[in-house]
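*Asks:* turn this into a model:
(chains A, B and C)
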Amino acid sequence: MVSFLRFLINGISLGSVYAIIALGYTMVYGIAKMLNFAHGDIIMVGAYISFCAISYLDLPPLLAVLLAMAVCTALGIVIEGLAYKPLRQAPKLAVLITAIGVSYFLQNSALLIWSSNPKVFPSIFGSSALQLFGGALSITSEAIVTICANIVIMIALTLFTSRTKTGKAMRAVSEDKGAAQLMGIDVNRTISLTFAIGSALAAVAGVLLCSTYHTLMPTTGSMPGIKAFTAAVFGGIGSIPGAMIGGLLLGVIEILGKAYISTELGDALVFGVLIIVLLFKPAGLLGKPVSEKV
Amino acid sequence: MKLKKSTLQNLITYAIVIAAFAVCQAMISSGSMSRALRGQMIPICVYIVMAVSLNLVVGISGELSLGHAGFMSIGAFTGAIVSAWLLGAVQMENALLRLLIAMLAGGVLAGVAGFLIGIPVLRLRGDYLAIVTLAFGEIIRNILNCLYFSLEGKRLYVSFNNPSIPGKILVNGPAGATGIVKIASFPVGFALILFTLIVVLNLIDSRTGRAIMASRDNRIAAESMGISVTKYKMIAFVTAAVLAGMAGALYGLNFSTVAASKFKFDTSILVLVFVVLGGIGNIRGSIIAAALLTVLPELLRAFSDYRMLVYAIVLILVMLATNNEHLSTLLGKLMPGKKKGEEVNG
Amino acid sequence: MAEKFVKGKMVPLPTSAIIPERDLDKAPILECRHLGIDFGGLKAVDDFNLIIGRTEIAGLIGPNGAGKTTVFNLLTKVYQPTRGIIMLDGYDTAGKTTEQINRMGIARTFQNIRLFDNLSVEDNVKIGLHNQEPYSVATGILRLPKYWRQEKAAHERALELLSIFDMQDLADSRAGSLPYGAQRRLEIVRALATNPSLLLLDEPAAGMNPSETEELMEHIVRIRDTFQIAVLLIEHDMRLVMGICEGICVLNFGRIIAKGTSEEIQANPVVIEAYLGRKKEG
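*Replies:* Sure thing, here's the model as predicted:
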């Protein structure tokens, strides 16, 4: 029973990371209608930046995270402007291939800069843990921070999109680009902003992910990225609460699956969930169905 | 009846492939080909077949498949097991026959997998389809990592996630297929390319190919013409899977060990790079791109660290150049009639 | 208000069907009863009743947004109807897919042209002939004698069909490169290639100049005479509709507001009101 609880908490912690990454996917997909394949690699870049800031510059963790967020935000805006913006009118296939190209670009740049040897990511939240049931169940500080960060980000984003003018503009653009433009909304700026927010979140996710698992490689971001996309689809693409629910469920499914079914098949299980969701509920748990106009 | 334009183009493609084979074969027999390059001959054949078959899905059928390496891995594992079984249990000494049967088996099994995967996948569209093919590719790899095969006498043992099975181990979980007797040969690779070309080019230039392209260009119009879109997308998908499986079998039997980790997502992307650089929907382009991009890194060793980085940049640039009006006109002005240049640069 | 169609319950047949005299002794090609579809809460089409004779040229007109194209999409099962039945040549089309409907005998063109732009004109027509000159996948790959026979037949048939509009010289052009009018004509040829018994034309004269429209009218009548098929067309050009349609059905807000011959429709005050708005008093 206690071990089940431990797995559950690990699952929620991992799921919180997925949820934060999924937010980036879901917002970008909702607004630019594109699958930003490179999102997972921005996580990796964020993790490397904060790793360097802590290990080489001796910056305090909080400052390192802020630095990573700033770099990733800039990176997100640059990628969007250089690679995606010229393809606004292009077929989806072209956009997706470009995004794959960007993803590979980031991975291989990181490979050249930081080499393929895994870096050991330092424990930035201290090694203290919350002891429950007389020490039978301990919750690490990383797990607590991750879960709290997830909740804070979720509330902040929900407030942002529903209360602020910019947030409302984002929702308008995701509903109908043309109409939003007619209403005087700067669509390009709004899309850039979405990439900026998504990338900043990716940086946070990168730090949280690596401080939990401690290994950092150029490919660190790709698998969590794809899984987080699964989470975004699971929750319903374009929906902020959907990303949270999808991420949490997926994290729990993965950890419990690995613990009780098979370690090797953990990833297969996650992708199995993706396939089942897409087949039977393609709009996800909280998404809206779309139909083609004839 | 006068020669159709497409027929002429196809003949040119065949001519290029046959000429290239003749030159390579002559170089090999005269000993003027370097050892490193000679070792690349079979992988080149394999990647050409992979690229042409993926182009059938991406270019002709218009669906982005990111799990093509998955079918290749099924072919490789099947080929290794079948050829070992033929040698060990049936005592078939003829290596060529073993190779052909192994490739056939690899193709069939990959085709079956393609069909089973196609049922759910082809109900989806666009980005979702792409990500689910990726997911299936990873699932296949995950499952292969848990498989154990062994041969004792005439009996083949299979187990899932349990390495303790009797006899000679053929497939050893994450370590992959081991102790493979290398029977792949360049002429068979060439024959596989020809076979692939005949299948793909004839398919395109037939009623079936027209239906596949109609489904790509306008789904609703195709349905209104009485074409079952799903059926024709499936035909393209399964055909590509079969060819990838055969290529995989040839690939597997070219090495003494083959692990599932060789068929990661990266391999699917690599093949996609060939297709994109050769021109989406352009079969001859796929052949040239696959051959050049497999040879070039071998020839330019120093360049190998930057290989994937350059591929990534080229992938982005080609997409931008071909899909953005401003850029494509600008590029047209910069280098008129120099389309092939992109491939050489890559 | 029309009653909802309930399975097993007798419903009175709509009476105001107009069928040309020559078709009276034959069963109608199309019969819609109480057809309707809802989008969300909106009844996009409701209680749509229509009977079309075996060789009739019928018109479906109405203001923008009246639901005309939606009717076409219902007939071809691009949308599945919420209510009602569609009988094609005496067979119920319930549960059929778009592709099956085409094989049962309905072919259509599209308001926003949907050609296979990257393929040649001839290939576009050959795609229409898909189910007319069939052979298996293996026959195609192995180039068996049947492949050459059927391909030759398809080639000849395609040119023959293109010659209806004098387009055989354009056979090798890329469909997307054709001028607008030619694209509309190619869509009609492609639809005819599927050997339909009912041809649905969605604004065939849109974007055409008066002389092109004049020609199109002759062509539509000729197609009907040659192929002995029924035609149902949506059109805003009243000269075309009034000129060749034997029966006209007027749709407004998803409902039929009038049916009749061109004279009857032109004199119908409800129709005039729907098109021009309420006339001012005095």
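
*Asks:* in the stretch 151-294 of chain A, mark out all the helices, start to finish.
*Replies:* Secondary structure of the stretch 151-294 of chain A, counting by DSSP state H, counting those that start in this stretch: helices at A:165-175, A:177-182, A:187-213, A:222-235, A:240-260, A:266-280.

*Asks:* any low-confidence regions in chain C?
*Replies:* Within chain C, the stretches with pLDDT under 70 are C:1-18, C:276-282.

*Asks:* how about the helices of the stretch 151-294 of chain A, which one is nearest chain B?
*Replies:* Proximity to chain B (CB to the nearest CB) singles out helix A:266-280 among the helices of the stretch 151-294 of chain A, at 3.6 Å. Every residue, glycine included, has its C-beta placed from N, CA and C.

*Asks:* pull the residues that contact that closest one.
*Replies:* Applying CB atoms under 8 Å, 6 or more residues apart in numbering or on different chains, the set of residues contacting helix A:266-280 from outside is A:223, A:227, A:230, A:233-234, A:250, A:253-254, A:257-258, A:261, A:284, B:120, B:123-124, B:128, B:131-132, B:135-136, B:138-139, B:142-143.

*Asks:* thinking again about what came up before, got JSON lines for the helices of the stretch 151-294 of chain A, with mean neighbour count and mean pLDDT too?
*Replies:* Converted to JSON lines, those look like this (neighbours: other CB atoms under 10 Å in any protein chain shown; pLDDT from 0 to 100):
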{"stretch": "helix A:165-175", "mean neighbour count": "17", "mean pLDDT": "87"}
{"stretch": "helix A:177-182", "mean neighbour count": "14", "mean pLDDT": "86"}
{"stretch": "helix A:187-213", "mean neighbour count": "24", "mean pLDDT": "91"}
{"stretch": "helix A:222-235", "mean neighbour count": "28", "mean pLDDT": "88"}
{"stretch": "helix A:240-260", "mean neighbour count": "22", "mean pLDDT": "90"}
{"stretch": "helix A:266-280", "mean neighbour count": "19", "mean pLDDT": "84"}
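
*Asks:* of the ones you listed, give the one that comes closest to A:Tyr56.
*Replies:* Checking these against A:Tyr56 by CB to CB gives helix A:187-213 as the closest, at 15.6 Å.

*Asks:* how far off centre is the closest one?
*Replies:* Offset of helix A:187-213 from its chain centre (CA atoms, centre = their mean, to the nearest Å): 7 Å.

*Asks:* can you classify A:Met44 as helix, strand or coil?
*Replies:* Here A:Met44 is recorded as helix under DSSP: H, G, I helix; E, B strand; the rest coil.

*Asks:* the nearest residue to it once chain neighbours are set aside and A:Tyr25, how far apart?
*Replies:* Once flanking residues are discounted, A:Met44 sits nearest to A:Gly221: 3.4 Å by CB to CB, 6 or more residues apart in numbering or on different chains. Look at A:Gly221 and A:Tyr25: by CB to CB, to the nearest Å, they are 12 Å apart.

*Asks:* and the helix or strand where B:Ile288 lies with chain C, contact?
*Replies:* Secondary structure assignment for B:Ile288, by DSSP states H and E: helix B:283-299. No: judged by CB under 8 Å from any CB of the partner chain, helix B:283-299 stays clear of chain C, getting no closer than 14.6 Å.

*Asks:* dihedrals phi and psi, the closest residue to C:Thr97 other than its chain neighbours?
*Replies:* Nearest in space to C:Thr97, with sequence neighbours left out and distances taken as CB to CB, 6+ apart, is C:Lys77 at 5.9 Å. Note on C:Lys77: its backbone torsions stand at phi 60, psi 20 [degrees, to the nearest 10].

*Asks:* my read: C:Lys77 touches C:Asn102, true?
*Replies:* No: C:Lys77 lies out of contact with C:Asn102 (CB atoms under 8 Å); the separation is 9.4 Å.

*Asks:* of those two, give the one with the bigger neighbour count.
*Replies:* C:Asn102 (27 against 22; other CB atoms under 10 Å in any protein chain shown).

*Asks:* next up, the contacts around C:Cys249.
*Replies:* Residues counted as contacts of C:Cys249 (CB under 8 Å, 6+ apart) are C:50, C:58-61, C:256, C:258-259.

*Asks:* and the stretch 1-150 of chain C, which residues reach chain A?
*Replies:* Checking the stretch 1-150 of chain C against chain A by CB under 8 Å from any CB, the hits are C:69, C:73, C:78-79, C:110.

*Asks:* neighbours of C:Arg22, just the number please.
*Replies:* Neighbour number of C:Arg22 under other CB under 10 Å is 12.

*Asks:* before we move on, what about A:Leu8?
*Replies:* Applying other CB under 10 Å, we find 16 residues neighbouring A:Leu8.

*Asks:* quick one: it from A:Leu256, how far?
*Replies:* 7 Å.

*Asks:* also A:Ala268?
*Replies:* A:Ala268 is 14 Å from A:Leu256, by CB to CB.

*Asks:* not counting sequence-adjacent ones, nearest residue to C:Pro196?
*Replies:* C:Ala107 (3.6 Å).
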